[in-house]
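In: I would like the atomic coordinates for the input below:
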Amino acid sequence: MSAAGVAQATGPRVDASDEANCACRTMRATRGCRGTWSPARLSAAVAITRPSRVATPFSELLCDELEFFKAVGTSEDVGPGVAFMRRGESVHDVYLVVRGAIAAVVSDTAGRRPIVAFALKDEVCCAIPALLHEPLPWDGVTVAASSLLAIPAERFNDAVRDRWADRWATRALWWLTEFGARANEIDEANLANEVAALLLRHRAPNGIEGCSSALADVLDVDDDAIEQVLAYLRRLGAIQTTNSGVIRVTQPDKLHNLVADNGRRAAAAASS
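Out: Next comes the predicted model:
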């Protein structure tokens, strides 16, 4: 899948049960990336979007790469809530986050702007689209006041070719797989399946704190919509929620079934 394909990989919109979709018919795009996110809010949202099996995100640079950026990069300061990269544009610069955070935001036909990924301190943003010579598949939006180092995409590509070709070939394959999977989870017709997929993506042994608000932030829906879906998943027996708001996945097979059923219905709709 190409970088542009990631943004188009959501596939046909299909319905599950009325109960699972009750929140989807009333959800509104109310969260967004406006203003400055607190560290706790950002940490919870990042945990939801990143697979728990991945110890180090692909976007985190190694020492020699950090030294390269610091030696030749141009410093830029960007305020919170600024969309300074636009979906569909050519990649002119590759950015290293020195301070703050960037959210990769896509759009859907329901008017939501869900988040597919984050770039944090010492992580790079839009490197893979630059290497693949593809347009950006998302908007890059700061969720905190951020300091960045920018390197022209051509210079970055030359450095990768000369110094780190094998390293970035592996990262590109990982990126296409993970971002493609995340894009496929975005389905405004079935919010329950999106929530199930995200809960499966990050299953902490002791549960996830602040999970309800993080899900609302990442999926760009209101709190009531998320609460309706979580109530449905509790009735299924798939999750438990503590009084302090920690969510624990108790029967992952039921979440897998939700996601798999949606995939089968999407395949059937595509072939009909």
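In: doesn't residue 130 belong to a helix?
Out: Yes. Counting by DSSP: H, G, I helix; E, B strand; the rest coil, residue 130 is located in a helix.
In: so what's the residue count around it?
Out: Residue 130: 24 surrounding residues under other CB atoms under 10 Å. To be clear about C-beta, it is placed using only N, CA and C from the backbone, and glycine gets the same treatment.
In: looking at it, it is touching residue 158, isn't it?
Out: No. Residue 130 is beyond contact range of residue 158, at 11.2 Å (criterion: CB atoms under 8 Å).
In: ok, now which ones touch the residue nearest to residue 160 when sequence neighbours are not counted?
Out: Nearest residue to residue 160, sequence neighbours excluded (CB to CB, 6 or more residues apart in numbering): residue 168, at 4.8 Å. Contacts here follow CB atoms under 8 Å, 6 or more residues apart in numbering; on that basis residue 168 touches 127, 131, 160.
In: residue 195 and residue 227 touch, don't they?
Out: No. Here residue 195 does not reach residue 227: they are 10.8 Å apart, not a contact under CB under 8 Å.
In: which element follows the worst-scoring helix or strand of the chain on mean pLDDT toward the C-terminus?
Out: Sorting the helices and strands of the chain by mean pLDDT, DSSP states H and E puts helix 18-21 at the bottom, at a mean of 43. Per DSSP states H and E, the first helix or strand lying C-terminal to helix 18-21 is helix 39-49.
In: give the rounded mean pLDDT of that following helix.
Out: In this model, helix 39-49 has a mean pLDDT of 87.
In: so for whichever helix or strand comes after it, what gets flagged as buried?
Out: Toward the C-terminal end, the helix or strand that comes next after helix 39-49 (DSSP H and E) is helix 63-72. Within helix 63-72, the residues that qualify as buried are 65-66, 68-69, counting by 16 or more other CB atoms under 10 Å.
In: do the same with stretch 245-257
Out: Residues 246-249, 255 are the ones in stretch 245-257 that count as buried (16+ other CB under 10 Å).
In: in JSON lines, list these along with distance to residue 36, pLDDT and secondary structure.
Out: Formatted as JSON lines, those follow (distance: CB to CB, whole Å; pLDDT from 0 to 100; DSSP: H, G, I helix; E, B strand; the rest coil):
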{"residue": "246", "distance to residue 36": "25", "pLDDT": "83", "secondary structure": "coil"}
{"residue": "247", "distance to residue 36": "25", "pLDDT": "87", "secondary structure": "strand"}
{"residue": "248", "distance to residue 36": "30", "pLDDT": "87", "secondary structure": "strand"}
{"residue": "249", "distance to residue 36": "31", "pLDDT": "89", "secondary structure": "strand"}
{"residue": "255", "distance to residue 36": "32", "pLDDT": "92", "secondary structure": "helix"}
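In: buried residues in stretch 129-145?
Out: Residues 129-132, 134-144 are the ones in stretch 129-145 that count as buried (16+ other CB under 10 Å).
In: output that stretch as CSV, nothing but the C-alphas.
Out: What follows is stretch 129-145, C-alpha atoms only, in CSV (Å, rounded to 0.1, in the frame of the first residue of the first chain):
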residue,chain,number,x,y,z
PRO,A,129,5.9,9.8,2.3
ALA,A,130,9.1,11.8,1.5
LEU,A,131,11.0,8.7,0.8
LEU,A,132,8.2,7.3,-1.3
HIS,A,133,7.7,10.6,-3.2
GLU,A,134,4.0,10.4,-2.2
PRO,A,135,1.7,13.3,-1.1
LEU,A,136,0.9,13.5,2.5
PRO,A,137,-2.0,11.2,3.5
TRP,A,138,-2.9,13.4,6.6
ASP,A,139,-2.8,16.8,8.0
GLY,A,140,0.0,17.5,10.5
VAL,A,141,-1.5,19.3,13.5
THR,A,142,0.4,20.4,16.7
VAL,A,143,-1.3,19.5,19.9
ALA,A,144,1.2,21.5,22.0
ALA,A,145,3.6,24.4,21.5
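In: ok now it, how far from the chain's centre?
Out: 12 Å (CA atoms, centre = their mean, to the nearest Å).
In: what's the most distant pair in the buried residues of stretch 129-145?
Out: Farthest-apart pair in the buried residues of stretch 129-145 is 132 and 144; separation 28.0 Å (CB to CB).
In: many thanks, have a good one.
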